[in-house]
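Colleague: My questions are about this predicted structure, shown below with the sequence.
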Amino acid sequence: MEVKLAFEQWAYRGKCDGLVYYYNRQLRKMIARRYVKPRYSSSNQRLGEGAKHLKSLQPAALFMQDCKRYCQIYNIYLKKGEKPLSNSYSLYIRLMYQQAKDLEISVLDLTRQMIEEIPLPCRSIKTAVEGGLLPEIPGYKKLDKMM
């Protein structure tokens, strides 16, 4: 739900009256949604474990900058019916899950050592595009910073 504040405050975010408020820079709008405490389930547990594991791989700052640049370019050349990429971290998560799927292993089995020694396509945006993990965009060859 779009929100209009009585005062101009772009950095406002948080919870109040059962709602979560945040500003979406891409939409340039203040958004509110109902706060829902997630129910415990085994799939939530697996998703949380996967996210913790991928964070523990500690991708390099330059690699994450390449992810951010890829998102920006991808969203410019978005085709009708495709969903935009929201941020660099979601691209990183998507990339790593796709790599695990291609190897037919769990995302929890991916290690930094495996990524560097085998040279897996997920080690940079350029190799990920060339390996078919990400769609091709103009200028992807410049996004070659290693994870």
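Modeller: Perfect, I can see it now.
Colleague: Need the residue closest to the centroid of this structure.
Modeller: Nearest to the mean C-alpha position of the chain, counting by C-alpha atoms, centre = their mean, stands S90 at 0.8 Å.
Colleague: Starting from the strand or helix carrying that one, tell me the next helix or strand along the chain.
Modeller: Element membership of S90, judged by DSSP states H and E, is helix 88-103. For helix 88-103, the following helix or strand on the C-terminal side (DSSP H and E) is helix 112-117.
Colleague: pLDDT of the helix holding S90, averaged?
Modeller: Across helix 88-103, the average pLDDT comes to 95.
Colleague: can you list contacts of it?
Modeller: Residues outside helix 88-103 that contact it (C-beta atoms under 8 Å, 6 or more residues apart in numbering): 50-51, 54, 57, 59, 64-65, 67-68, 70-71, 85, 106-107, 109-110, 120-122, 128, 133-134. Where you see a C-beta, it was placed from the backbone N, CA and C, and this is true even at glycine.
Colleague: From those residues, keep the buried residues only.
Modeller: Neighbour counting by 16 or more other C-beta atoms under 10 Å classes 50, 54, 59, 64, 67-68, 70-71, 85, 107, 110, 120-122, 128, 133-134 among the contacts of helix 88-103 as buried.
Colleague: wait, what's in contact with R123?
Modeller: R123 neighbours (C-beta under 8 Å, 6+ apart): 115-116, 146-147.
Colleague: Greatest separation within those residues: which pair is it?
Modeller: Across these, the longest distance by C-beta to C-beta is 9.3 Å; it joins I115 and M146.
Colleague: With neighbour numbers in mind, choose between the two.
Modeller: Neighbours per residue (other C-beta atoms under 10 Å) separate I115 from M146, with I115 holding more: 19 against 15.
Colleague: could you list every residue that touches that one?
Modeller: By C-beta under 8 Å, 6+ apart, the contact set of I115 is 57, 122-123, 147.
Colleague: which among these gets closest to K79?
Modeller: Distances from K79 to the contacts of I115, taken by C-beta to C-beta, are shortest for C122, at 23.5 Å.
Colleague: What about L95, how many residues nearby?
Modeller: Using other C-beta under 10 Å, the number of residues around L95 comes to 21.
Colleague: any idea how far it is from F63?
Modeller: Per C-beta to C-beta, to the nearest Å, L95 is found 10 Å from F63.
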